[in-house]
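Undergrad: Here is the input, now give the coordinates:
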Amino acid sequence: MKFTDGFWMLRPGVDALYGRETYDLWAEGRTLRATVPTKVIERRGDTLNRTTLTVSLHSPLPGVIGVRIDHHQGAREEIGFDLVGAQEGHGDVTIDADAGHLVSGGVTATISRGAPWSLTFTETESGRVLTSSGEKSLGYIELSGDAQVDGGLLGDVRGDIERANRGAYLHEQLSLGVGELVYGLGERFGPLVKNGQSVEIWNADGGTSSEQAYKNVPFYLTNRGYGVLVDHPGHVSYEVGSEIVERVQFSVAGESLEYFVFGGGDPASVLERYTALTGRPANVPGWSYGLWLSTSFTTDYDEDTVTRFIDGMAERDIPLDVFHFDCFWMREFNWCDFEWDPRVFPDPEGMLDRLHARGLRVCAWLNPYIGQRSPLFAVGKERGYFVRRPDGSVWQWDMWQAGMALVDFTNPEATAWYQDHLRRLIAQGIDTFKTDFGERIPVDVTFFDGSSPERMHNLYAQLYNEAVFAVLEEARGAGEAVLFARSATAGGQRLPVHWGGDNSSSFASMAETLRGGLSLAMSGFGYWSHDIGGFEGMPDPAVFKRWVAFGLMSSHSRLHGSQNYRVPWLFDETEGRDEADPQSAVAVMRRFTKLKSALMPYIFAAGRTAHDSGTPVMRPMQLAFPHDRNADYLDRQYMLGPDVLVAPVFSEDGVADFYLPAGEWTNFLTGEVVAGGVWRTERHAFDSLPLYVRAGATIATGDGAHGADYDYLDGLVLRVFPAEGTRTTTVTAADGREASFTVEQTPAGVRVSSRDLAAYSVAIANGEAVATTTGSVELAR
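TA: Numbers count the residues shown, from 1 in each chain. Down below sits the predicted model:
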C-alpha cells in the first residue's frame, strides 16, 4: 500500500506522522524499550499534544530479535501467529550514553539515542549491517474516507478493515542494500525475486496466473543473510523496493505492529531459525512421496471407473501409491455431508477394502464449508457451529455451494463436531484428506471466540488444516499423518503437504507453478506438489509428458485435472502413439515414477532434513548456492535434496537452458561428466530432462519397482560420485531404523563401510553395483 506521492508529498487523504527521535531508553528485564515521538523534542511544550510511539525489543530465540511498535497500547489485543518455538530468557540488554543494545545469538539490535530515529541490526561478531530502520521508517498513518492510496485491498474488504481500525495504519521500512534481493512472502507465481513488487498478504482463490496467492506468508529473506516475519495474521501490505526503492515497507491496520528479524548468514540458516520459531514441517510417510492418481474434478466416475484406472496403471507397470477421490464422492449440493454418494458408491467400505488390498492408500476431498442442502447444515445452525454475521444470523452465500456456511473453527465444539465426521471416514478406510479451499473468508462476520475477522481471514486456513491434521495424527501416529492442502499462512508448514492450486495446461503455467513452489520453499515450507499437466484444460501430449518429468522430480506428485482425466494412455491415444514407444506418455510416466521410487532412500532423507532443520526438499538455487551470484535470479531449476539438480524442460522441442554451479557434475541418467560454472543448452527427448549430481555426493537408491513405500535398507545401493575426501551419509527406513555409512574417496578408488548394515551394494556413479555382506566394500576407479 503506497501512502506517498514521490519523495516529498503524501497522497490525497493521507496524514502521516513519523518517529523522529529516540527520546529515552530503558530496560525491563530482557526487553529494551524506547519512546519515539513524532517530533524532535526541543522544549517541554513539544511533549504535549504529541503522537508518540513506543518501540520494544525482545528475543524469543537465539539469533531472533522481536520488534513491537505501539501507538495506543490500550487498543484491543489481537491474536498473532502461534509461535510454537518461542522461549523466555534470551537476549541481553545494555544501555550506554549513545544507544541501547539487545544482543541475541550473534545478532545485535541497536537503538541510537536522539535524532534521527535509528534502529540497526548487525552481526554481533563482524559488525556487518543486516538491515536498519531510519528516518521516516516508522510511520503512523491516518486515512480519510477519500484517501487515494495505491495497492492494498479493494472495495468493501478494505473499507471494513479501515472502519474497524478508524483508518489507522502503522508501517515500518527496513533498508535494502546495493544488490540486495528479496525472496519469499508465500507461494507467489510471479517473479521469484520480489524487488519492485507490491505484495498483499491476503489469501485468495485466484489460480496460479494472477498476483493473488493461496498461501500468503508475511515472511521474507534476502541474500544479505537475514529474514523478517511480520507477526500479523491478517492483511499485511508490502512495498518491496517499490514505493521507496531502497527499502522494504510493510504496513498493517491498527495501533500496533510487531515483526521479527532472523539472523543466520545464509538462507538455510535463516530458515532454520524461522522454522524453529514458527514450527518445523512434520515428517510425512514414505508412501506419500509416491504417485497420486485422482478421479479429477467434474469428470464422471464410480467404482468401475476407479478400478479401470488402477488396473490400467498396473497393467502398464506404473507404480501407484495413492488414489484420490475428488469432490463428487459426495452428492452434489451436499458438500460437505461426509457421506458417500450411494448412487455411484453403494459399498464404500467394501471398495476401500479392495483398494487397500491392492496396496493403495486412499485420499478423500474436503472443504470447510457446509452447503445448505447438507443434512449437517441444520445441525450446525442450531448449535452455533457456523461463522455468523454481526446480527447473529449465519453467514451464507451461493458461490461454490448453494447457501453454504463456514464452520467456525474458533469454536471448540464446532471443531470437534467436524473432526468426528472425519474420524468416521478414517474408520471406513480413508488414509488422508485433501483439504481444499479456506481462502475466501469474509470480514463482515463474527467468530465464536471474538477474534478479529481481518486476522482470521488468513488464519482460518491454519485452524482448518490443524483440525484435520490432528485427527489423522491421532489415528495414524506422528510421521504417518499427511494432508494435501491448498491454503496456508505462516506456520502452515507444520501441516504438510501443500499443493500449488489451480494451474492451466500450458508450458507458461508449468513455469509459473514452479515459481510458486520455489517462493513457498523460501517461506519455510518443506514439501510441495502441483497438478501434473495442469488443472484447467486438457494438456497436449507434449505439455503432459514434460510436466510428468517435472512432477515426478518434485517432493510430491499428483495426477489431477478439472474436466479431464489424467491417466497417461489417453494422451497416447490423442497423439496416435504406440504405448511401447519410449517417448509415449505411458513410457515416460513409467520411467519417471520408477526413477522417483528408486530415489526414495535419498528423497526420504531430504524430507527428514526438512523436519529436522527446516531446509525444504525442493531447494531454490539461491538457497543451495547463496554465494553464487549467477544463482540469484534462477527460477526454472532447483535442487532436489542437497545433491541432485533438476531443470524441467518447458518446451515441446526439448531445448533446456540451465545453469550448473562451479564443480564437477554427473548426468544421473547418462553418466556423462561435465564441468560446472557455466550455462548449458541441451535438447532432451520426452523421457529425459537435465538431472545432474554434484561431485562428492552419495545418492542412496533402492528397488522402487512397486512404488515409494518399501524398506529403504533392503536392497540398498549407494551411488558414489567422485570427489576426494571422507564423508558420512545416513539412510533412514520409513519405520525409523537408520544406517550410517562412511564413504572414503581417494584417487585410487572408493571404500564404504558401515557398522549398522551388513548387506548393501556400492557403485561409482552410474557404474555396476558391487554387493557386500560384511558391511564394507572397496571399488577401484
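Undergrad: Please identify the buried residues of stretch 686-693?
TA: Residues of stretch 686-693 classed as buried: 686-693 (neighbour count, 16 or more other C-beta atoms under 10 Å). Every residue, glycine included, has its C-beta placed from N, CA and C.
Undergrad: Equivalent analysis for stretch 500-513, please.
TA: 500-507, 509-513.
Undergrad: can you check stretch 376-385 too?
TA: Result for stretch 376-385 [16+ other C-beta under 10 Å]: buried residues 376-377, 380-381, 385.
Undergrad: what are the phi and psi angles of residue 322?
TA: The phi and psi values for residue 322, taken as degrees, to the nearest 10, are phi -140, psi 140.
Undergrad: what about residue 696, neighbour count?
TA: Neighbour count for residue 696, taken as other C-beta atoms under 10 Å: 17.
Undergrad: do the same with residue 357
TA: As a burial measure, residue 357 scores 8 neighbours (other C-beta under 10 Å).
Undergrad: can you give me the helices for the stretch 601-750 of the chain?
TA: Listed in chain order, the helices of the stretch 601-750 of the chain (DSSP state H, counting those that start in this stretch) span 621-624.
Undergrad: and what of the chain?
TA: When secondary structure is read from DSSP state H, the chain shows helices at 155-164, 267-278, 303-315, 348-357, 375-383, 412-428, 453-476, 507-521, 541-552, 569-575, 585-598, 600-613, 621-624.
Undergrad: Please save the CA atoms from the longest one in PDB.
TA: Coordinates of each C-alpha in helix 453-476 appear next as PDB, following Å, rounded to 0.1, in the frame of the first residue of the first chain:
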ATOM      1  CA  PRO A 453     -12.300 -11.100  11.300                       C
ATOM      2  CA  GLU A 454      -9.500  -9.400   9.500                       C
ATOM      3  CA  ARG A 455      -6.900 -11.500  11.300                       C
ATOM      4  CA  MET A 456      -9.000 -14.600  10.900                       C
ATOM      5  CA  HIS A 457      -9.100 -14.200   7.100                       C
ATOM      6  CA  ASN A 458      -5.700 -15.800   6.600                       C
ATOM      7  CA  LEU A 459      -5.600 -17.700   9.900                       C
ATOM      8  CA  TYR A 460      -8.800 -19.600   9.100                       C
ATOM      9  CA  ALA A 461      -6.800 -21.900   6.800                       C
ATOM     10  CA  GLN A 462      -4.400 -22.700   9.700                       C
ATOM     11  CA  LEU A 463      -7.200 -23.700  12.100                       C
ATOM     12  CA  TYR A 464      -9.000 -25.700   9.400                       C
ATOM     13  CA  ASN A 465      -5.800 -27.700   8.500                       C
ATOM     14  CA  GLU A 466      -4.800 -28.100  12.100                       C
ATOM     15  CA  ALA A 467      -8.200 -29.700  12.900                       C
ATOM     16  CA  VAL A 468      -7.900 -32.200  10.100                       C
ATOM     17  CA  PHE A 469      -4.200 -33.000  10.700                       C
ATOM     18  CA  ALA A 470      -4.800 -33.600  14.400                       C
ATOM     19  CA  VAL A 471      -7.400 -36.300  13.600                       C
ATOM     20  CA  LEU A 472      -5.000 -38.000  11.100                       C
ATOM     21  CA  GLU A 473      -2.200 -37.900  13.600                       C
ATOM     22  CA  GLU A 474      -4.400 -39.200  16.300                       C
ATOM     23  CA  ALA A 475      -5.400 -42.200  14.100                       C
ATOM     24  CA  ARG A 476      -2.200 -42.900  12.200                       C
END
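Undergrad: got the buried residues for it?
TA: 453-469, 471-473.
Undergrad: from the buried residues of stretch 686-693, which two are the most distant?
TA: For the buried residues of stretch 686-693, with distances taken as C-beta to C-beta, the pair at the greatest spread is 686 and 693 (21.6 Å).
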